[in-house]
Structure formats: C-alpha cells, structure tokens
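In: below is the sequence, then the predicted model.
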Amino acid sequence: MDLTTTYMGLKLKHPLVSAASPFTHTLDGFRRLEDVGIAAIVMHSLFEEQIVGEENELNFLTTQGTESFAEALSYFPRPDHFVLGPEEYLTLISDAKKAVKVPVIASLNGVTTGGWVEYARKIQQAGADALELNVYYLATDPFQPGEVVERNYVEVLKTVRSQVRIPVAVKLSPFFSNLANMARRLDEAGADGLVLFNRFYQPDLDLENLAVWPNVELSTSVEMRLPLRWIGILYGRMKCSLAATTGVHTVEDALKAVMAGADAAMLCSALYRYGTSHVATLLAGIEKWMEEHGYSSIAEMKGTLSQRAVAEPAAYERANYMKTIQSFRPMV
C-alpha cells in the first residue's frame, strides 16, 4: 500500500502530520513522535511577542484599550514566562534535525511583519525543512476595513517569502468574507501551503469572579467539517498544498481529509486525548480501509470527494444548506 504524499514539496511517508503543539518543547517530544510513526512534525510556535515585544509597531497593537481595562495587559505573558526564548527555539530546531529523520516544520505566530523576517532567515539557517506562518489576528476595530486585514496577511507572507528559500505555509482562520479569494491571493503571493484552519481559542466567562478567563478545549471530529468543506472547494484551484487541521481524530477523519483534497492531515487534540500511539492505530486503519475499498495509493484517493469531482458540486454550497434544513426532523 503506497501511503506517500507530497506536502509543500516535502515527500512524506503518509499524510499524518503532528500539528503545532507543546509536544515539541523538548527533543524527547520529537523522538516520541517519530517513534510512533508520524510523517512530519510542526513545531510549537515562536510568538512575535518573544521577538519584537519592545518594538513600537507591536506595542501599539497589543496595548490598545489597556487604559480602559487594567487587567488587559495580564493576557500577554511576560518574556520570562515562555517555555523557550527565540535563541533556544533556534537551537532546538538544529538539535531536532540531528535527532529525527522526519521533516521539521518551524512555526511563527504573530500579527505584523516586524521581526519575523530576521527570524525566518535564522529558522532557515538552523535547518528547518519548512516554515508555517500562523497569522493570529482578531479584528475588533469597527473602523478597520476587511481589506486592511486581508492585505496584512498577504504582506506578512510576501515579506517572509522574499527572504527564505524553504517552503512557507500560511495557517488561516475561516473568518474572511470571501475565503476562496483570500486563499487565491495567498497562493499567488507565494504560499507553498495553506493550513485550514487556525483554531481560535475562545475566552470563557467566570460568573463567580466576574472575569474573562482563557480556557482550552480539545477539538472533536465534528469541528472537522469546516476545514473539510473548504479543502473540498479549494482543491484543484490552487497551486499550493492544502493541509487539514482541527478535528482529525479517527481513521474516517483522516480519509475524508485526503479524499476532499488534503495533502496532509494534522493531529493535535487526538494525540492528547488518545496518546501518541494513536498514530499507529490510524495508519493501520487507513491501510485496512484502502485494502477493503480497492485503493492502492493515497494519490489515487486524493481529491475524489472534492467539489470538482463529486456528482453534485452544489452540495458544497448553498444547496447543501437548503437540503439539510429541509431533511432534518427533530426527535420529539
């Protein structure tokens, strides 16, 4: 059974990739992931705040409104609270490349072009096989046009892309008025891959202490429907690779991602919920399903359930919404 796939030009032994997570804070984490058979590893993010926290550009973005809410600044960790600083992050890349044979993909998380350029070059020099840009920006200014937000994503990509030779992916959020257009603009700006989607961690409300507090909830398979839909729509329309993340937990989830058109299916919450050995379980299940259904390779399966391949392409769009609403019958 040929499970190989190509993601951003990187030849992978199968589509299962470890998404950015705390698993990679140590070399032991890298080794554990390789030992269980993962095809590639996306490192935990190096945050822009760690690189250019003192620069005016970032300071302006992170302090707006703090004069109104005294506790607002507490949401930004002090530099000494990060597990690894920028230089330690670069050292870990170098050490990881010596410790494991699978591709190592670094991750930068930020908002502005700021200090990303210098560290993108340093990440390349440290030996990373590729770079994932996690542009985590929540637009809250009612006077800021959507075009400004979209242009910022494109400019960040162009700035980094012009400085490095390694493949660069952009991890997107689904919150654009026209996601297909945004994907096309990033593809044309030089993205080697699009990762769908960035999972914004929503704050919760503490009713007893009358406070807003951060809370992490692991994803479920249901959340995969959003990236699945858009990968199916974008497949065949982009030159760049597509990766599914958020909600990949089961054999069926991974198969759906590939058949929608994904080159890689990224795991994070599933590794926390079931342990890293879950990778082997998924691989065995994928091979069994392929054998039972007459598929001999991942390439043969890829995109077979994308919008351009299915008998009813409108099922990916408004027609599916209408059909679903009309067919639903609540239990009474």
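Out: That came through fine.
In: can we go C-alpha only for contacts and neighbour counts from here?
Out: Will do.
In: which stretches in the stretch 201-332 of the chain count as strands?
Out: Counting by DSSP state E, counting those that start in this stretch, one finds strands in the stretch 201-332 of the chain at the ranges 204-206, 211-213, 241-244, 264-267.
In: okay if I get those strands as TSV plus mean neighbour count, mean pLDDT and distance to residue 286?
Out: Formatted as TSV, the strands of the stretch 201-332 of the chain follow (neighbours: other C-alpha atoms under 10 Å; pLDDT from 0 to 100; distance: least, C-alpha to C-alpha, whole Å):
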stretch	mean neighbour count	mean pLDDT	distance to residue 286
strand 204-206	12	89	37
strand 211-213	11	89	39
strand 241-244	28	98	16
strand 264-267	28	98	12
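In: I'd like those as CSV, with distance to residue 42 appended.
Out: CSV is the format used below for the strands of the stretch 201-332 of the chain (distance: least, C-alpha to C-alpha, whole Å):
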stretch, distance to residue 42
strand 204-206, 28
strand 211-213, 27
strand 241-244, 12
strand 264-267, 9
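In: what number of residues lie near residue 193?
Out: Neighbour count for residue 193, taken as other C-alpha atoms under 10 Å: 26.
In: report the separation between it and residue 170.
Out: For residue 193, the distance to residue 170 equals 6 Å [C-alpha to C-alpha, to the nearest Å].
In: any idea how far residue 171 is from residue 223?
Out: In terms of C-alpha to C-alpha, residue 171 sits 16 Å off from residue 223.
In: so which of the two has more stuff around it?
Out: residue 171 (23 against 14).
In: excluding its backbone neighbours, what's nearest that one?
Out: Closest residue to residue 171 in three dimensions, ignoring its sequence neighbours and counting by C-alpha to C-alpha, 6 or more residues apart in numbering: residue 195, at 4.5 Å.
In: so what's that neighbour up against?
Out: Going by C-alpha atoms under 8 Å, 6 or more residues apart in numbering, residue 195 touches 169, 170, 171, 172, 242, 243, 244, 245.
In: closest to residue 299 out of those?
Out: residue 242 (13.8 Å; C-alpha to C-alpha).
In: dump the residue contacts of that closest one.
Out: The neighbours of residue 242, taking C-alpha under 8 Å, 6+ apart as the test, are 7, 193, 194, 195, 196, 231, 235, 261, 262, 263, 264.
In: do that again at 10 Å, thanks
Out: Taking C-alpha atoms under 10 Å, 6 or more residues apart in numbering, we find residue 242 in contact with 7-8, 169-170, 192-196, 230-232, 234-235, 257-258, 260-265.
In: give me the buried positions along stretch 161-174.
Out: Buried residues in stretch 161-174, counting neighbours by 16 or more other C-alpha atoms under 10 Å, are found at 161, 164, 166, 167, 168, 169, 170, 171, 172, 173, 174.
In: same thing with stretch 178-194?
Out: For stretch 178-194, burial by neighbour count (16+ other C-alpha under 10 Å) applies to 182, 183, 184, 185, 186, 187, 190, 191, 192, 193, 194.
In: how about the third one, nearest residue that isn't a chain neighbour?
Out: Meaning residue 184. residue 238 (6.7 Å).
In: from residue 228, how far off is the one you found?
Out: 16 Å.
In: show me what the host helix or strand of residue 171 is packed up against.
Out: Element membership for residue 171, per DSSP states H and E: strand 168-172. Packing partners of strand 168-172 (3 or more C-alpha pairs under 10 Å, 6 or more residues apart in numbering; DSSP states H and E): strand 104-110, strand 130-135, helix 146-161, helix 179-188, strand 193-196, strand 241-244.
In: how about those, which one is nearest residue 314?
Out: helix 179-188 (15.5 Å).
In: follow-up on the earlier one: let me have the contacts of residue 195 in TSV, extended by distance to residue 118.
Out: Below are the contacts of residue 195 laid out as TSV (distance: C-alpha to C-alpha, whole Å):
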residue	distance to residue 118
169	17
170	18
171	20
172	22
242	26
243	26
244	28
245	28
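In: so where do the helices sit in the stretch 201-332 of the chain?
Out: Listed in chain order, the helices of the stretch 201-332 of the chain (DSSP state H, counting those that start in this stretch) span 225-234, 251-260, 269-274, 278-292, 298-301, 318-327.
In: is the residue nearest to residue 171 bridged to anything, and to what?
Out: In this entry, residue 195 is beta-bridged to residue 171, residue 243, by DSSP bridges.
In: what's the spacing between residue 40 and residue 100?
Out: For residue 40, the distance to residue 100 (C-alpha to C-alpha) stands at 10 Å.
In: which neighbours do these two share?
Out: 30, 33, 34.
In: how about the contacts made by the closest residue to the second one other than its chain neighbours?
Out: Which is residue 33. Excluding its sequence neighbours, the residue lying closest to residue 33 (C-alpha to C-alpha, 6+ apart) is residue 276, at 6.7 Å. By C-alpha under 10 Å, 6+ apart, the residues touching residue 276 are 18, 23, 29, 32-38, 267-268, 270.
In: compare the residues you listed and tell me which is most surrounded.
Out: For the contacts of residue 276, neighbours tallied by other C-alpha under 10 Å; top is residue 18, 30 neighbours.
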